[in-house]
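S.K.: can't give you the sequence, but here's the structure:
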C-alpha cells in the first residue's frame with residue numbers, strides 16, 4: 001500500500017475509533033447495571049486509546065516511520081454480590097446495542113487485519129495485528145455479554 005492509501009486507511013480507522021467511543025459512551029447511559037456501565041465505559045476508553053495511538057501514527061508517518069504500539073488490556077473488575085448485582089433492568093435495549101457493537105468490532109478487526117497484511121514495515125505490521133487482536137477481544141467480551149443478557153438478563157463481565 002502506498003503512503004497516501006495508508007494515510008487514508010488510518011484516517012478511516014481514526015474516525016471509526018472516534019465513533020466507537022461515542023457509541024460506547026451512549027450505550028453506558030442505557031445500561032442500568034453498574035458492571036455493565038463499567039464495561040461499556042472501559043470499551044469507550046479503549047477506543048479513545050486506539051484513536052490517540054492512530055493519531056500518533058499519522059504524525060510519525062509524516063516523518064516516514066511507524067511507531068511502536070503498546071497495547072492495552074481491559075481490566076476485569078472483581079465480582080460483587082450475587083445474581084441480583086448482575087441483573088440488567090433493560091436487557092432488550094442493551095442487547096440491541098451490543099449487537100451493533102459486535103458488528104462494529106468485527107469490522108474494526110477486519111480493517112486492522114487488512115492493514116497488517118498490506119504493511120511491510122515490522123512495526124506497522126505489529127501495530128495493526130495487535131489492534132486487530134484487541135478488537136477481537138472486545139468482540140468476544142461483547143458476544144459473551146450478548147448471550148447472557150439475551151438468555152438470562154445478566155452481565156457476566158466481572159466473573
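M.R.: Right, received. Where do you want to start? Note that the structure is predicted; figures quoted are calculated from it, not measured. Numbers count the residues shown, from 1 in each chain.

S.K.: for this protein, what's the longest helix?
M.R.: helix 122-152 (DSSP state H).

S.K.: which helices and strands sit right next to that one?
M.R.: helix 34-62, helix 91-117 (3 or more C-beta pairs under 8 Å, 6 or more residues apart in numbering; DSSP states H and E). Backbone N, C-alpha and C define where each C-beta goes, glycine included.

S.K.: right, and these - which one's nearest residue 129?
M.R.: With C-beta to C-beta as the measure, helix 91-117 is the member of the helices and strands packed on helix 122-152 nearest residue 129 (4.6 Å).

S.K.: let's have the helices and strands packed on helix 122-152 in TSV, adding distance to residue 141 and mean neighbour count.
M.R.: Output for the helices and strands packed on helix 122-152, formatted as TSV (distance: least, C-beta to C-beta, whole Å; neighbours: other C-beta atoms under 10 Å):
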stretch	distance to residue 141	mean neighbour count
helix 34-62	7	18
helix 91-117	9	18
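
S.K.: make TSV out of those and add mean pLDDT and distance to residue 125.
M.R.: Formatted as TSV, the helices and strands packed on helix 122-152 follow (pLDDT from 0 to 100; distance: least, C-beta to C-beta, whole Å):
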stretch	mean pLDDT	distance to residue 125
helix 34-62	94	13
helix 91-117	93	5
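
S.K.: reformat the ones you listed as JSON lines; add distance to residue 150.
M.R.: JSON lines is the format used below for those (distance: least, C-beta to C-beta, whole Å):
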{"stretch": "helix 34-62", "distance to residue 150": "13"}
{"stretch": "helix 91-117", "distance to residue 150": "5"}
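
S.K.: residue 4: which of these is closest?
M.R.: Relative to residue 4, the nearest member of these by C-beta to C-beta is helix 34-62, separated by 10.6 Å.

S.K.: the closest one packs against which elements?
M.R.: Using 3+ C-beta pairs under 8 Å, 6+ apart: helix 34-62 touches helix 3-30, helix 122-152.

S.K.: angle of the first one against helix 91-117?
M.R.: Looking back up the chat, that one is helix 3-30. Going by axes from the mean of the first three to the mean of the last three C-alpha atoms, to 10 degrees, helix 3-30 is angled at 160 degrees with respect to helix 91-117.

S.K.: what does the average pLDDT come to for helix 3-30?
M.R.: Average pLDDT, helix 3-30: 93.

S.K.: quick check: buried residues in that helix?
M.R.: By neighbour count, with 16 or more other C-beta atoms under 10 Å as the criterion, the buried positions of helix 3-30 are 6, 9-10, 13-14, 16-18, 20-21, 23-25, 27-28.
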